[in-house]
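Undergrad: here is a sequence with its predicted model. Questions after.
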Amino acid sequence: MAKVEIKIYPDSILRKKARQVARVGNDERKLAYDMIKTMRSANGVGLAAPQVGISKRIIVVEDMQGDNRIALTLINPKITRKKGNVNFCEGCLSLPGISSDVARPEFITVEALNLDGDILKINADGLLARIIQHETDHLDGILFIDKIGFLKRRKIIKQFGAKVCMEF
Ligand code: NI
């Protein structure tokens, strides 16, 4: 497994819509392992393939249960149900040092393929729902700073370097 470089805003790949994965093969499995390694060594809790320069619809997310962390890989993730609305502080490995409260649905259902190419359906809430939504946005070129007001965005961009939140 290799650690790879994380693309930093305003790298243009972060704004591109990523391609659907037609077939899950060894390239996708190797990429997912590299992404998990990279996410963990950066102390992140999620990572999307465009953040490592690959424009494919693949995300990795930490499912944290107590002290256990299980890295899930979701390929072609699609959020099929959203419910509620909750604020939570977000950071992003591609926007180092910046964080903000972001409002998002509290409960989601996501459908995706796993690394064997099998269909997964996950109901998530709390931090896992938050991470999945943040990473799925990355696949459409959307960053968390797009989901807050202009004035707030201008203010937090001045806070570069002051790390407050978990980064995904
Ligand atoms: Ni991010």
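TA: Received, thanks. Computed from a predicted structure; not experimentally measured.

Undergrad: switch to C-alpha atoms for all contacts and neighbour counts from now on
TA: Noted.

Undergrad: relative to its centre, which residue of this protein is most distant?
TA: Centroid-distance maximum for the chain: L151 at 24.2 Å, with C-alpha atoms, centre = their mean.

Undergrad: tell me how far that residue lies from the ion.
TA: As judged by C-alpha to the ion, to the nearest Å, L151 and the ion stand 21 Å apart.

Undergrad: what about the longest helix in the protein?
TA: Longest helix in the chain, counting residues (DSSP state H): helix 26-41.

Undergrad: go through that one and flag the buried ones.
TA: Buried residues in helix 26-41, counting neighbours by 16 or more other C-alpha atoms under 10 Å, are found at E28, L31, A32, Y33, D34, M35, I36, K37, T38, M39.

Undergrad: same check on stretch 145-159?
TA: In terms of neighbour count (16+ other C-alpha under 10 Å), stretch 145-159 has its buried residues at I145, R153.

Undergrad: and this structure, which residues reach the ion?
TA: Within the chain, the positions near the ion by C-alpha under 5 Å from the ion are C92, F168.

Undergrad: just the helices from the chain, written as ranges.
TA: Counting by DSSP H, the helices of the chain are 26-41, 126-139, 150-157.

Undergrad: same list (the ones you listed) but as JSON lines, adding mean pLDDT and distance to A103.
TA: Formatted as JSON lines, those follow (pLDDT from 0 to 100; distance: least, C-alpha to C-alpha, whole Å):
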{"stretch": "helix 26-41", "mean pLDDT": "97", "distance to A103": "24"}
{"stretch": "helix 126-139", "mean pLDDT": "98", "distance to A103": "10"}
{"stretch": "helix 150-157", "mean pLDDT": "83", "distance to A103": "13"}
